[in-house]
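Q: Need coordinates for the following:
(chains A and B)
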Amino acid sequence: MTATETRTPPLSPRTARLALSGSAALVLLGIGAVWWAASHAVPESTEGEIAVTINDAVCDPMALTVPAGKSTFRIHNASNRVLEWEILDGVMVVAERENIAPGLNSTLTERLKPGTYDITCGLLSNPRGTLTVIPTAESQAAISAPEMRTFIGPLAEYRVYLNRRASALVKATAALSDRIEAKDLDGARAAWIEAREPWRQMAPVAGRMGDLVNRMDPLAIYLQGQESDPAFAGFHRIEYGLWAQNSTDGLAPVAAGLAADAVELQTRIKALELTPPDLAANAADLARRVADQAAGGQVPYSQTDLTEFTADLEGITRSAMLVDPLVAAANSATSAALHQAIEATQATLTGFAVDGVYPPFSEVDAGGRKAISASFETLSTAIAALNPAIGLE
Amino acid sequence: MRTVTLAAVAGLLATTGAHAAEPLDLVGPVSDYKLFVSEQTDLLVDETEAFVAAVKAGEVEKAKALFAPTRQHYEMIEPIAELFSDLDVAIDSRADDYEKAEADPAFPGFHRIEYGLWEHNSTEGLDPVADQLLTNVKDLQGRIESLPFPPEVVVGGAAVLMEEVAATKISGEEDRYSHTDLWDFKGNFDGSQKIVELVKPLIADQDPAFIKQIDANFEVIDVTLAKYEEGDGYVTYDKLTDQDRIKLAAAVNALAEDLSTLRGKLGLD
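A: Numbering: from 1, shown residues only, chains lettered A, B, ... in the order given. You can find the predicted model right below:
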């Protein structure tokens, strides 16, 4: 038993209730809170718990050290105010216990990662204590091979991103269809460019849905009859009409089909189940495909390739960066190479902009195209190194 | 607390031989929860803009009318909003957190404005507080957007919301000047219920008795709160009868206890 515990004898729920009802201010708390506090008054320290007492202005002790993993803290409120106790990582709350009544104890169990944290000690203006979490063999092993649960957050975040992009695509393709129906050539061109952005941002996963890609995004050069091939549909068929033929003629059914396919894509994205290695692997694959396409371009009629590459980079970055915090902990050089490759690719692309606007891709010479290809190639290699760094193969 | 004991027994029986959900089964619920929080945060920003405009225009009655519905969105997303300690303090701290209570110049946010509107029936001196509130709410929106949600916080949030109501709200201390506590409760309950709805499919087969009990307690809350509806919101908290307060407290306490086992059931302890 520590000195603190000797000074403050254990409170039974009954004494706790009496102590609460004795305080004029706390009488106002009402039945529920008293019930709550009384049923949650916990006895004094138990084996294996870390005791911390909060006095009027300080924590006792002010510095705690625990091994990584699950720890249980027993917080004793020796101040005269109701308080909350928080473990903070910068401004982020890692764990907290609220409403610890004066004289009472509360426990908090949390799994903690190695690092240095702040602990709060009563009033907001009171100085904070520190909590040092030291690595264990288990926590070290988890760095190079994170547990499956570590990927729930990143995968959920990516699912949010894809769902939002899919919903943007549905809206934008509907707008494109609308402008084509209205025979508004300029409006249709603007709507087409807008719809391409979410489409390209989703390419790391949409590219894997072969049947949809073949309907929504086939290139004439890969079709037997080129532009006159009946299978020439989707985005590029519309692009061909809007830019090569300067007309919306005959595009209405194509645009309606594209909009319907976008809805189908959205449904599939919602049902999609990605696994941890997909985040980096899909991004690396797309970067490699873009590197291959950069010499010839991917939007032959509108020549808006630089805009497309920018959207590709955004989609690739989103996906890869979700595993980056894990990679950074396991292998900082691999993470640094990723950051460098992303920045370099971004710089290569923005280098072509004139007054913030991309020129037609026809104005980018062979050397420029080679530079774009090379930067996506490097990016792909940097992303391909992520999974091995965190035990995902 | 007979119900709790029964739940514990039922839980024990149900978990025997049952397997925990696979970790990646939580990807869907966590991402759907982020979409929900994101929607609520957008509403919080929009409505805070209107609330702040009313305060700054000196429209006391309008500001009073907007106070509770605006806050409700914050209460709904509290498990996530509370992660940002600096903003939580700036947006939602109470006078008790400050040495000089209401008189403390550092006392900020919703409750500082609430104090001015109801205790002084005035917007005097509230302009900078209101401006800062809007800045902070927008900052919160940005931070929530870029935060991958920790699954432990999402799943644990269902119980956290109930514990907060049980521990620091059922007493009516949260909105002590305006007595609009029932709006906050509704936000907390809806926020908790949303989380439960999202993870329910992962435990329904394994633990039907647990789900049944939780649903029954949410039902008690819904029915009890519904008695106090008025217009688009609720009557003031002092109108709640002792009997209903006890009923609410019992349901909330039972839910806080039951929902605190969710993390464990989903393999997140």
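
Q: what are the ranges of the helices in chain B?
A: For chain B, the helices defined by DSSP state H cover B:2-15, B:27-56, B:60-76, B:78-81, B:85-92, B:109-114, B:127-145, B:151-164, B:181-203, B:208-226, B:242-259, B:262-265.

Q: Of those helices, which is nearest A:Trp199?
A: helix B:27-56 (20.6 Å; CB to CB). (C-beta placed from N, C-alpha, C; glycine too.)

Q: Can you point out the buried residues in the closest one?
A: Buried residues in helix B:27-56, defined by neighbour count with 16 or more other CB atoms under 10 Å in any protein chain shown: B:27-34, B:36-38, B:40-41, B:43-45, B:47-48, B:51-52, B:54-56.

Q: which of the residues you listed come close to chain A?
A: B:Val27, B:Gly28, B:Val30, B:Ser31, B:Lys34, B:Ser38 (CB under 8 Å from any CB of the partner chain).

Q: From chain B, how far out is the residue positioned nearest the centre of chain A?
A: Central residue of chain A (CA atoms, centre = their mean): A:Glu157, 3.9 Å from the mean position. Distance from A:Glu157 to chain B, counting by CB to the nearest CB, to the nearest Å: 4 Å.

Q: next SSE after whatever helix or strand that residue lives in?
A: A:Glu157 is located in helix A:152-181, with elements delineated by DSSP states H and E. The helix or strand immediately downstream of helix A:152-181 is helix A:185-201, counting by DSSP H and E.

Q: Tell me the residues of the stretch 251-393 of chain A that contact chain B?
A: So the stretch 251-393 of chain A meets chain B at A:Glu273, A:Leu274, A:Thr275, A:Pro276, A:Leu322 (CB under 8 Å from any CB).

Q: hmm, back to that, just the helices of chain B: most buried one?
A: helix B:151-164 (a mean of 25; mean count of other CB atoms under 10 Å in any protein chain shown).

Q: how distant is it from the center of its chain?
A: 10 Å (CA atoms, centre = their mean, to the nearest Å).

Q: Could you pull up phi and psi at A:Thr109?
A: phi -110, psi 130 (degrees, to the nearest 10).

Q: Could you report the pLDDT at it?
A: According to the prediction, A:Thr109 has pLDDT 90.

Q: ok, it touching A:Lys70?
A: Yes: at 6.4 Å, A:Thr109 counts as touching A:Lys70 under the criterion of CB atoms under 8 Å.

Q: Need the overlap of contacts for these two.
A: Residues within reach of A:Thr109 and of A:Lys70 at once, by CB atoms under 8 Å, 6 or more residues apart in numbering or on different chains, are B:Asp269.

Q: so where is the stretch 1-150 of chain A shaky, pLDDT-wise?
A: Scanning the stretch 1-150 of chain A for pLDDT under 70 picks out A:1-46.

Q: ah, wrong one, I meant the stretch 1-150 of chain B
A: In the stretch 1-150 of chain B, residues with pLDDT under 70: B:1-21.

Q: Now with 50, please.
A: B:1-19 (pLDDT under 50).

Q: How about the residues of it by chain A?
A: Residues of the stretch 1-150 of chain B lying near chain A (CB under 8 Å from any CB): B:1, B:22-24, B:26-28, B:30-31, B:34-35, B:38, B:82-89, B:93, B:96-99, B:106, B:148-150.

Q: one more time with 6 Å
A: Counting by CB under 6 Å from any CB of the partner chain, the residues of the stretch 1-150 of chain B close to chain A are B:23, B:26-27, B:30-31, B:34, B:83-86, B:97, B:148, B:150.

Q: Show me how far stretch A:326-344 is from its chain's centre.
A: That offset, for stretch A:326-344, works out to 16 Å (CA atoms, centre = their mean).

Q: CA atoms only for it - export them in PDB, please.
A: Backbone C-alpha positions of stretch A:326-344 (Å, rounded to 0.1, in the frame of the first residue of the first chain) are rendered in PDB as follows:
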ATOM      1  CA  LEU A 326       2.500   1.800 -39.800                       C
ATOM      2  CA  VAL A 327       5.400   1.600 -42.300                       C
ATOM      3  CA  ALA A 328       7.000   4.700 -40.800                       C
ATOM      4  CA  ALA A 329       7.200   2.900 -37.500                       C
ATOM      5  CA  ALA A 330       8.600  -0.200 -39.000                       C
ATOM      6  CA  ASN A 331      11.000   1.100 -41.500                       C
ATOM      7  CA  SER A 332      11.500   4.900 -41.700                       C
ATOM      8  CA  ALA A 333      13.500   4.700 -44.900                       C
ATOM      9  CA  THR A 334      10.700   3.000 -46.800                       C
ATOM     10  CA  SER A 335       8.300   5.700 -45.600                       C
ATOM     11  CA  ALA A 336      10.700   8.500 -46.600                       C
ATOM     12  CA  ALA A 337      11.100   7.000 -50.100                       C
ATOM     13  CA  LEU A 338       7.300   7.000 -50.400                       C
ATOM     14  CA  HIS A 339       6.900  10.600 -49.400                       C
ATOM     15  CA  GLN A 340       9.800  11.600 -51.700                       C
ATOM     16  CA  ALA A 341       8.200   9.700 -54.700                       C
ATOM     17  CA  ILE A 342       4.800  11.300 -54.100                       C
ATOM     18  CA  GLU A 343       6.300  14.800 -53.900                       C
ATOM     19  CA  ALA A 344       8.500  14.200 -57.000                       C
END
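
Q: before we move on, back to that, what is the nearest of the residues of the stretch 251-393 of chain A next to chain B to A:Val91?
A: A:Leu322 (21.7 Å).

Q: tally of neighbours for that closest one?
A: Burial measure for A:Leu322: 22 neighbouring residues, criterion other CB atoms under 10 Å in any protein chain shown.

Q: Got phi/psi on A:Leu351?
A: Not quite, residue A:351 is Gly, not Leu. Dihedral angles (degrees, to the nearest 10) for A:Gly351: phi -60, psi -20.

Q: Quickly find the element holding A:Leu265.
A: helix A:252-271.

Q: helices or strands up against that helix?
A: Contacts defined by 3 or more CB pairs under 6 Å, 6 or more residues apart in numbering or on different chains; DSSP states H and E place helix A:252-271 against helix A:152-181, helix A:210-216, helix A:234-239.

Q: residues contacting the nearest residue to A:Ser139 once chain neighbours are set aside?
A: Sequence neighbours aside, A:Ala68 is the residue nearest to A:Ser139 in space, at 3.6 Å (criterion: CB to CB, 6 or more residues apart in numbering or on different chains). Listed by CB atoms under 6 Å, 6 or more residues apart in numbering or on different chains, the contact partners of A:Ala68 are A:Pro114, A:Val133, A:Pro135, A:Thr136, A:Ser139.

Q: between those residues, which has the most around it?
A: A:Val133 (22 neighbours).

Q: Let's verify that one: helix, strand, or coil?
A: strand (DSSP: H, G, I helix; E, B strand; the rest coil).

Q: I'd guessed it sits against A:Arg111; true?
A: No: contact criterion CB atoms under 6 Å: A:Val133 and A:Arg111 do not qualify, at 10.0 Å.

Q: Export the ones next to chain A among the buried residues of helix B:27-56 as JSON lines, with columns for distance to A:Arg196.
A: Listed next are these as JSON lines, based on distance: CB to CB, whole Å:
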{"residue": "B:Val27", "distance to A:Arg196": "28"}
{"residue": "B:Gly28", "distance to A:Arg196": "28"}
{"residue": "B:Val30", "distance to A:Arg196": "30"}
{"residue": "B:Ser31", "distance to A:Arg196": "25"}
{"residue": "B:Lys34", "distance to A:Arg196": "26"}
{"residue": "B:Ser38", "distance to A:Arg196": "25"}
